[in-house]
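pasting a predicted model and its sequence here:
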Amino acid sequence: MINKKLGVNIDHVATIRNARGVLYPNPLKAALIAEKCGADSVTIHLREDRRHIRDYDLKYIKKKLKIPLNLEIAPTKEMVNIAIRYQPNFVCIVPEKRSEITTEGGLNLNKKLIQLKKIILKLNKHKIKVSLFIEPKLLDVLKAKKIGANGIELHTGNFCNLVNKNKSYKAAYKKIKSSAILGRKIGLDVHAGHGLTYNSAKIISKIDCITEYNIGHFIIAESIFVGLKKVIKKFIKIINK
Ligand code: PXP
């Protein structure tokens with residue numbers, strides 16, 4: 001059996017920090033906890049609007065983290081230069097719209113093929129492996145290979161929404177599975193992510209050729225409930241001493 005890897009996306013630790021404009025919670029602390037408890041990699045998305053992860057987070061996380069760092073970026077000159085400066089182990093290229101709440105879909109591989117090809121080549125020259133965040137479509141898997149991507153990350157958002165709403169997810173699952181099988185067959189690293197929860201991750205983990213899962217929002221959300229009791233008890237102790 002193939003060992004499945006977990007990449008922990010810590011963007012939303014920064015979201016909480018930035019909501020107050022203070023120094024905590026520190027994404028670096030979250031990255032080091034992920035490392036300590038066995039995560040295979042840490043993912044951060046440096047958005048163009050810096051709404052969560054900031055440049056200094058990237059700098060310090062890259063400096064202190066021993067497990068691989070996966071940097072999500074939009075395919076822009078500014079972001080490619082930042083990636084080259086900080087040398088993450090992996091870059092995942094994602095589409096970005098200012099107004100979106102989260103990365104709502106995969107890359108449009110009809111529009112940006114030549115630009116993406118150049119970016120992949122440039123990052124590879126700097127020893128950074130590149131995956132493309134794509135919709136689970138066979139044609140997009142082939143295009144990703146054609147332009148030299150080292151891997152693909154299949155967008156699981158639609159599938160996860162269906163699972164969450166208790167709707168039939170069979171067709172969405174099939175698309176992910178066939179894209180994953182094709183990706184593997186043509187020599188791409190196949191990752192998956194977006195919207196995964198305990199339930200959806202359990203279902204999708206049956207697809208053997210997906211070797212890495214990148215999960216963020218649910219991990220941070222669930223951590224609130226796993227840790228809330230401990231923090232409240234500690235405060236009761238502190239104010240009663
Ligand atoms: N993979 C990619 C490429 C993403 O853009 C995101 C969201 O930033 C994730 C995985 C993680 O998604 P979620 O936070 O919903 O688990």
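The structure has been received and is ready for your questions. Keep in mind that what you see is a predicted model, and the values were worked out from it rather than measured.

drop to CA atoms for contacts and neighbour counts, all remaining ones
Fine.

bridged to the residue nearest to the spatial centre of the chain, which residues?
Nearest residue to the geometric centre of the chain (CA atoms, centre = their mean): Asn214, 4.5 Å. As for beta bridges, Asn214 partners with Gly7, Gly193 under DSSP bridges.

dump the residue contacts of it.
Residues counted as contacts of Asn214 (CA atoms under 8 Å, 6 or more residues apart in numbering) are 6-9, 43, 191-194.

do Ile152 as well
Ile152 touches 131-134, 141, 144, 183, 188-191, counting by CA under 8 Å, 6+ apart.

list just the nearest of those to the ligand.
Phe133 (5.4 Å; CA to the nearest ligand atom).

so what's the nearest residue to the closest one once chain neighbours are set aside up against?
The shortest distance from Phe133 to any non-neighbouring residue, by CA to CA, 6 or more residues apart in numbering, is to Glu153 (4.6 Å). Glu153 makes contact with 92, 131-134, 190-193, according to CA under 8 Å, 6+ apart.

helix, strand, or coil at Lys206?
When classified by DSSP: H, G, I helix; E, B strand; the rest coil, Lys206 comes out as coil.

got the phi/psi numbers for it?
Main-chain dihedrals, Lys206, degrees, to the nearest 10: phi -70, psi -20.

where's it relative to Leu228, distance?
32 Å (CA to CA, to the nearest Å).

quick check: pLDDT value at the residue nearest to the centre of the chain.
Model confidence at Asn214, given as pLDDT, is 98.

cool, and the one 10 residues further on?
Ile224 is assigned a pLDDT of 96 by the prediction.
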